[in-house]
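# quick one, structure for this:
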Amino acid sequence: MGVRRLGWAGLELEAGGKRLVIDYVRDLSPLFTGGKPGEGLTTPSGTVTAALVTHLHRDHTDAAALADVLTPEAPVLRPR
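Numbers count the residues shown, from 1 in each chain. Purely as a prediction, here's the structure:
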């Protein structure tokens, strides 16, 4: 099993060729003055088979970023 930090709150877990991302975001620039898209953040190392969103604040939820890395039909576990 491998664990990799994606920056901010994001993590990537890999085991058996499958990847789970937790709180993956690609762009925090709308939240911080002077921030640049992707600054201090890393993308997952491959296609992602599932995602976990711990809470629905912009700094932990990035729907566009998840759509770009998730496999079709991949589950996204999130609060109600």
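# could you pull out the strands for the protein?
Taking DSSP state E, the strands of the chain run over residues 2-7, 10-15, 18-22, 50-52, 76-77.
# want to throw those strands into TSV with mean pLDDT?
Supplementary listing: the strands of the chain in TSV, determined by pLDDT from 0 to 100:
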stretch	mean pLDDT
strand 2-7	94
strand 10-15	97
strand 18-22	97
strand 50-52	98
strand 76-77	96
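# turn the ones you listed into TSV, including mean neighbour count.
C-beta here means a position set from N, CA and C on the backbone, and glycine is covered the same way. Supplementary listing: these in TSV, determined by neighbours: other C-beta atoms under 10 Å:
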stretch	mean neighbour count
strand 2-7	14
strand 10-15	17
strand 18-22	20
strand 50-52	18
strand 76-77	13
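# compare those and give me the one nearest Asp62.
Distance to Asp62, taken as C-beta to C-beta, is lowest for strand 10-15 among the strands of the chain, at 9.1 Å.
# tell me which other helices or strands that closest one touches.
Where contact means 3 or more C-beta pairs under 8 Å, 6 or more residues apart in numbering; DSSP states H and E, strand 10-15 is packed against strand 2-7, strand 18-22.
# can you show me the CA trace of it as PDB?
The C-alpha coordinates for strand 10-15 follow below in PDB (Å, rounded to 0.1, in the frame of the first residue of the first chain):
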ATOM      1  CA  GLY A  10      -5.500  15.800  -0.300                       C
ATOM      2  CA  LEU A  11      -4.200  12.300  -0.100                       C
ATOM      3  CA  GLU A  12      -3.800   9.400  -2.600                       C
ATOM      4  CA  LEU A  13      -4.000   5.800  -1.400                       C
ATOM      5  CA  GLU A  14      -2.800   3.100  -3.800                       C
ATOM      6  CA  ALA A  15      -3.100  -0.700  -3.300                       C
END
